[in-house]
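1. Sequence isn't available, so here's the structure alone:
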């Protein structure tokens, strides 16, 4: 069993690569950030979960990075005519996902069950698990105020300087039995190259999650979201600096230090290996590896996934080799 | 001021005709059945209100008789993939109306205000008023059970014999200030040729509505929904017989007797004029008129609207003549 912690557009590429190279993708669990979830026109929207579902179902829009390929915008256009905000672009097919999810949640189903149901109906083999069933909301603190994540990220195009990040409701959340089991049974836990503050950060902040990760007997491995001083995707660099951290792989490794066994740098950053290794917690040895972490296309996703499996095997993880 | 009581597809043709021939369509109020409203995938759907709004906005599908012209079905197709029922056909643009309505109702707005807001944004000049703000649900009693109206009408194609009709929740409803005012200020109140049991019936059953109609100083006029023993639209004949009434204009007139001044028959039914007149309440004289009531096209709608205005003027109603 392999478990991956990930956010949306950035980290999902590695998830797609793993699903492609694993001989049995049903043995892959994806634990997804839900602190970006929000209520849009009364509907429960789960941007990161849906990006994972659509990508694994093979219906994601590759150009856009979100939403469904070939979707139409007729409902959104009409909602604009009704004066409702249309900066959050929801296509007509995508809308059906939010309607179904909202209806099932209102029936009293847990978010975990709703996401599994959507995954099954979309033909996704991997187990996609929201980080928790409770509602958690990422709030981005900017000079002079607080912004809901989608407002910061989509409406204002991540242009505000960030001075802090908070997860409203996180203290009422708890790790689900499914997530606990996925981590406990994993031969390998991968932290995807997602934004450590707003994608991985909320997952780790769910009470019980860091403890579950520290307890797993599997190998824990993170892939750096920073390459040559830049983020693979999104405002990771600006956000790390905004909250007073350096925008370097070592800062990211430090955020995972109490549960991490291996940190994978991009080859061009291999000179930073010692700095990364030095972030290890005293009780734990941290190995550093490097490879080409840039996933430019499908082949790149599969290559990094194979490299990650190979690095984990070298550390003793009982994970399959790449499919023949 | 003119007020029209109507349901969906059948009666709206006369409403469209009146809006077309009146010099000032803002002086037209349309009081619409909402007992067909239902919750579809968590969204508040108002079939009759929307048919009136879309028709008056000029965006209704004329072939189908419901929904928006040129609409697409991508969300519905995806909802089908999620196993949700798709027999109630909601297009992508139409869906936006239900999302907006549901969101505004959840904010605590009255249905009356929500419908006015939709009408304004769709560019509708007439005042479209739901019959009440409370939730009322038409239940069709069939041998051995009770069916929600849309289940009877759409899912089962009105094929079950009907033995009764009930309006769940009607006793908690009350006539709105807007409806009261529209009826009180009307020089003419028209009962459209809609199904008297399930379209006009619920409107009249709203506590306070029959009293408001009996009190108006305007002329009250109904157009027969039956022509030559058949309904203009839908299962009116079968339903009237099912509840023990004859499927004749006199039976319909009898349902409106305590507030009606004029009943308009189709010319081919003029031999029934005496039978209709005999249904009058002792306290009230009922005049009977006839004209061609079949509205085959736009010209037919305008013609019947002009004829109705002419008949009302002949009875002393202060309503405009047809636009020059």
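-> Cool, got the structure. Values in this document were obtained by computation on a predicted structure and should not be read as measured data.

2. which non-adjacent residue is nearest residue A:97?
-> residue A:50 (6.0 Å; C-beta to C-beta, 6 or more residues apart in numbering or on different chains). In this view, the C-beta of every residue, glycine as well, is placed from N, C-alpha and C.

3. and the one you found, how many residues sit next to it?
-> Neighbour count for residue A:50, taken as other C-beta atoms under 10 Å in any protein chain shown: 26.

4. List the contacts of residue A:94.
-> For residue A:94, the contact set (C-beta atoms under 8 Å, 6 or more residues apart in numbering or on different chains) comprises A:50, A:67, A:68, A:71.

5. What separation do you get for the second one and residue A:97?
-> Summarising the geometry, the distance separating residue A:67 from residue A:97, computed by C-beta to C-beta, to the nearest Å, is 10 Å.

6. Enumerate every residue touching the residue nearest to residue A:97.
-> A:66, A:94, A:97.

7. Quick check, the last one in contact with residue A:119.
-> No - if you go by C-beta atoms under 8 Å, residue A:97 and residue A:119 don't touch, sitting 11.0 Å apart.

8. Need the residues touching each of these two.
-> residue A:53.

9. So between these two, which is more surrounded?
-> residue A:97 (29 against 21).

10. Find the nearest non-adjacent residue to residue A:219, please.
-> residue A:317 (4.0 Å).

11. what residues are up against the one you found?
-> So residue A:317 contacts A:187, A:188, A:218, A:219 (C-beta under 8 Å, 6+ apart).

12. Please, which helix or strand holds the residue in the stretch 101-250 of chain A that chain B sits nearest to?
-> Nearest residue of the stretch 101-250 of chain A to chain B: residue A:103, at 4.2 Å (C-beta to the nearest C-beta). Following DSSP states H and E, one finds residue A:103 within helix A:92-106.

13. between that helix and helix B:92-106, how many degrees?
-> Counting by axes from the mean of the first three to the mean of the last three C-alpha atoms, to 10 degrees, helix A:92-106 lies at 40 degrees to helix B:92-106.

14. So for helix A:92-106, mean pLDDT?
-> The pLDDT scores in helix A:92-106 average 97.

15. do the same with stretch A:27-41
-> Stretch A:27-41 comes out at a mean pLDDT of 96.

16. Please see if it touches chain B.
-> Yes - interface with chain B: stretch A:27-41 contributes residue A:41 (C-beta under 8 Å from any C-beta of the partner chain).

17. Which positions in that stretch come out as buried?
-> A:27-38, A:40-41 (16 or more other C-beta atoms under 10 Å in any protein chain shown).

18. Pull up the distance across it, start to finish.
-> One end of stretch A:27-41 sits 36 Å from the other (C-alpha to C-alpha, to the nearest Å).

19. Same check on stretch A:212-220?
-> First-to-last residue span, stretch A:212-220, C-alpha to C-alpha: 12 Å.

20. Point me to the helix or strand that includes residue A:295.
-> Residue A:295 belongs to no helix or strand, assigned by DSSP H and E.

21. That one and chain B: what is the separation?
-> 28 Å (C-beta to the nearest C-beta, to the nearest Å).

22. number of nearby residues for that residue?
-> 21.

23. related to what we said a few turns ago, for the contacts of residue A:50, which one is nearest chain B?
-> Distance to chain B across these (C-beta to the nearest C-beta) is lowest for residue A:97, with 7.0 Å.

24. How much space separates the closest one from residue A:90?
-> 9 Å.

25. tell me which residues in stretch A:83-97 are buried?
-> Buried, per 16+ other C-beta under 10 Å, within stretch A:83-97: A:84, A:88, A:90, A:91, A:92, A:93, A:94, A:95, A:96, A:97.

26. dump the residue contacts of the last one.
-> The contact partners of residue A:97, by C-beta under 8 Å, 6+ apart, come to A:50, A:53, A:118, B:78, B:82.

27. Okay, helices next: where are they in chain A?
-> Under the criterion DSSP state H, helices of chain A are mapped to A:12-21, A:47-57, A:74-81, A:92-106, A:111-122, A:149-150, A:177-184, A:201-205, A:209-215, A:236-242, A:249-255, A:273-277, A:298-314.

28. out of the ones you listed, deepest packed?
-> Most buried of these by mean neighbour count (mean count of other C-beta atoms under 10 Å in any protein chain shown) is helix A:47-57; its value is a mean of 25.

29. what residues does chain A put near chain B?
-> A:41-43, A:71-72, A:74-79, A:81-84, A:91-93, A:95-97, A:99-100, A:102-103, A:106, A:118, A:121-122.

30. and with 7 Å instead?
-> A:41-42, A:72, A:74-75, A:78-79, A:81-84, A:92-93, A:95-96, A:99-100, A:102-103, A:106, A:121 (C-beta under 7 Å from any C-beta of the partner chain).

31. hmm, back to that, with respect to chain B, which of the buried residues of stretch A:27-41 is nearest?
-> residue A:41 (4.8 Å).

32. Please verify my assumption that that closest one contacts residue A:84.
-> Yes - counting by C-beta atoms under 7 Å, residue A:41 sits close enough to residue A:84 to count as a contact (5.8 Å).
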